[in-house]
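> One predicted model, sequence on top.
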Amino acid sequence: MTPAAHLPPPQARRLAYAGLLPFVAGALFTWLVRPEALPFVTAALSAYAAVIVALLGGIHWGFAMRQSDPPGSLPLWGAACAVLASVAVLMPAYAALVVHGVMLIVCYLVDRRVYPVQGAAAWLTLRFRLTAVAALSCFIAAAGS
């Protein structure tokens, strides 16, 4: 078991779970709103998902900044996340939300390899939970758009 000192602090966990609210609400609203509101809801969810994917890439920049000679893969992956999320936002929502959902899963899979090396393995359980809900929300919203 990971020592409690290395687990994500309670405030970080609360904020992380609160960050799922736009995902869940966006997926739900996609199925509940009037047709004329659907483009706004799906565009808003796509934009939020893009910000989160870019944030996940930014964590890799943070890991790189802590080191005097970081591997080039850290900032490269961080930049790739932001670029792919930006391109997806320009797509129709039904396609963008699928891309965002896949990117959230890919980010988690990359993080499973990177976090332990960077001393952040204790965050992986939280990352898995967040990824599962966020990606599923994107896929549900894509199906409803």
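Yep, it's here.
> In the longest helix anywhere in the chain, which residues are buried?
In the chain, assigned by DSSP state H, the helix with the most residues is helix 38-65. For helix 38-65, a neighbour-count test (16 or more other Cβ atoms under 10 Å) marks 38, 41-43, 45-50, 52-54, 56-57, 59-61, 63-64 as buried. C-betas here are computed from N, CA, C, even on glycine.
> Next: stretch 70-77.
By neighbour count, and taking 16+ other Cβ under 10 Å as the criterion, the buried residues in stretch 70-77 are 74-75, 77.
> rewinding a little: what helices or strands is the longest helix of the chain leaning on?
helix 21-32, helix 73-89, helix 93-117, helix 124-144 (3 or more Cβ pairs under 8 Å, 6 or more residues apart in numbering; DSSP states H and E).
> Next, the buried residues of stretch 124-135.
In stretch 124-135, residues buried by neighbour count (16+ other Cβ under 10 Å) are 124, 127, 130-131, 133-135.
> gap between it and the chain center?
The gap between the average C-alpha position of stretch 124-135 and the chain average comes to 8 Å, counting by Cα atoms, centre = their mean, to the nearest Å.
> okay, now Cys81: neighbour count?
Around Cys81 sit 25 other residues, with neighbours defined as other Cβ atoms under 10 Å.
> what residues are up against it?
Taking Cβ atoms under 8 Å, 6 or more residues apart in numbering as the contact definition, Cys81 lies against 53-54, 56-58, 60, 103, 107.
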